[in-house]
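A.B. asks: The following block contains a protein sequence and its predicted model.
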Amino acid sequence: MTTREVEHEITVSAPAEAVYRLIAEVGNWPRIFPPTIYVDQVERDGDTERIRIWASANGEAKDWTSRRTLDPVRLRVGFRQEVPAAPVAAMGGAWIIEPRSETESRVRLLHDYRAIDDAPDSLEWIDRAVDRNSRSELAALKENVELAHAAEDLTFSFEDTVRIAGSAKDVYDFVNEADRWSERLPHVAKVRLEEDTPGLQTLEMDTRAKDGSTHTTKSYRVTFPPHRIAYKQVTLPALMTLHTGYWTFTEDDGGTVASSQHTVTLNTANIARVLGTGATVEDARAYVRTALSTNSTATLGHAKRYAEERAAGRRD
């Protein structure tokens, strides 16, 4: 079997310990690395953890399970895919962070991998995916660390919540069945939903704004029925450089608590063009929050009506 070994590296203007912490905290990866959609920590035992990662590769959404070994002393994070996604037969490697000075580090990203049946086309596909994602991850890591303080005020999260006299499953079904949103939600003009792999969705949607205009967005969604749907938007409106979030559905004695959470990073370069000269970061924050909250609240409201009508029907 042919094993490829490749290495990518980048220099980061930040202390090595800070870079290590960022890489070690894998739950932040959807906000740091463009290909990463969602990460679920399956288990943790000391410095070893088992994680499941959903990410895009060459325009396709894939998922795999990895084991990681964290070494904060040597500033090294080893990883090995436990259940690789075809056409990968085996994949592993390491992040190695080397101090160059008190304010600068060298980050090395190592990979070793094999293709199923040593197929040349598959190996070429993996070569391209590893090269593209590694360059993207390292560039994003560099940008995120170097601009961390500057971007701190530009990234924010918020949540909208409703209480529903119905089951979590019915509310989940409404949000999960996004292919029916153009029939069920007035602000959705058109939807294209693909789910070639169960639980991993590609959602393209044309949404109507208050002024009657429409804009198209594309998201990857990861579903955990019937309690959670996580997503990452990959085509973004002009005022955002990041939009991730999740829907949660939690049952209690009174019914279901349904929430929509958003995490956003503002694109300051477009504030004046979109909102006019003199508009501030706070203006952009309020505009984006209102736009997203209006849509998610509307969706939760329709999901509430759907679930409560179904609950009433069962009682009749």
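C.D. replies: Received it, and whenever you're ready, just let me know what you need. Quantities reported herein were computed from a predicted structural model and do not represent experimental measurements.

A.B. asks: And for Trp64, the neighbour number?
C.D. replies: Number of residues near Trp64 (other C-beta atoms under 10 Å) recorded here: 16. All C-beta atoms are positioned from the backbone trio N, CA, C, and that covers glycine.

A.B. asks: What pairs with the helix or strand where it lies, parallel or antiparallel?
C.D. replies: According to DSSP states H and E, Trp64 maps onto strand 60-71. Using DSSP bridges, the strands paired with strand 60-71 are strand 48-57 (antiparallel), strand 76-83 (antiparallel).

A.B. asks: Pull the number of nearby residues for Ile51.
C.D. replies: 20.

A.B. asks: Isn't it up against Arg44?
C.D. replies: No - contact criterion C-beta atoms under 8 Å: Ile51 and Arg44 do not qualify, at 9.0 Å.

A.B. asks: show me the contacts for the nearest residue to Gln201 once chain neighbours are set aside.
C.D. replies: Of all residues not flanking Gln201 in the chain, Arg221 sits nearest, at 4.2 Å (C-beta to C-beta, 6 or more residues apart in numbering). Contacts for Arg221 (C-beta atoms under 8 Å, 6 or more residues apart in numbering) come out as Ala178, Leu200, Gln201, Thr202, Leu203, Ile229, Ala230, Tyr231.

A.B. asks: pretty sure the second one contacts Ala61?
C.D. replies: Right, Leu200. Yes - contact criterion C-beta under 8 Å: Leu200 and Ala61 qualify, at 5.3 Å.

A.B. asks: got any residues that touch both of the two?
C.D. replies: By C-beta under 8 Å, 6+ apart, the residues touching both Leu200 and Ala61 are Trp54, Tyr220.

A.B. asks: higher neighbour count, these two?
C.D. replies: In this view Leu200 and Ala61 are compared by other C-beta under 10 Å, and Ala61 has more residues nearby, 23 against 19.

A.B. asks: end to end, how far does stretch 173-189 reach?
C.D. replies: End-to-end distance for stretch 173-189, by C-alpha to C-alpha, to the nearest Å: 20 Å.

A.B. asks: how about the helices in the stretch 101-250 of the chain?
C.D. replies: 120-146, 148-151, 168-176, 181-184 (DSSP state H, counting those that start in this stretch).

A.B. asks: and the third one, which residues are buried?
C.D. replies: Which is helix 168-176. Within helix 168-176, the residues that count as buried by 16 or more other C-beta atoms under 10 Å are Ala168, Lys169, Asp170, Val171, Tyr172, Asp173, Phe174, Val175, Asn176.

A.B. asks: next one: the last one
C.D. replies: Taking 16+ other C-beta under 10 Å as the neighbour-count basis, helix 181-184 is seen to contain the buried residues Trp181, Ser182, Arg184.

A.B. asks: Contacts only, for the first one.
C.D. replies: Meaning Trp181. Counting by C-beta under 8 Å, 6+ apart, Trp181 has contacts Val188, Val191, Met205, Thr299.

A.B. asks: Run the chain-centre distance for the strand holding Trp64.
C.D. replies: Centroid separation between strand 60-71 and its chain, computed with C-alpha atoms, centre = their mean, to the nearest Å, is 14 Å.

A.B. asks: Same question for stretch 178-198.
C.D. replies: Counting by C-alpha atoms, centre = their mean, stretch 178-198 comes out at 19 Å from the chain centroid.

A.B. asks: What of stretch 71-80?
C.D. replies: With C-alpha atoms, centre = their mean, you get 23 Å for stretch 71-80.
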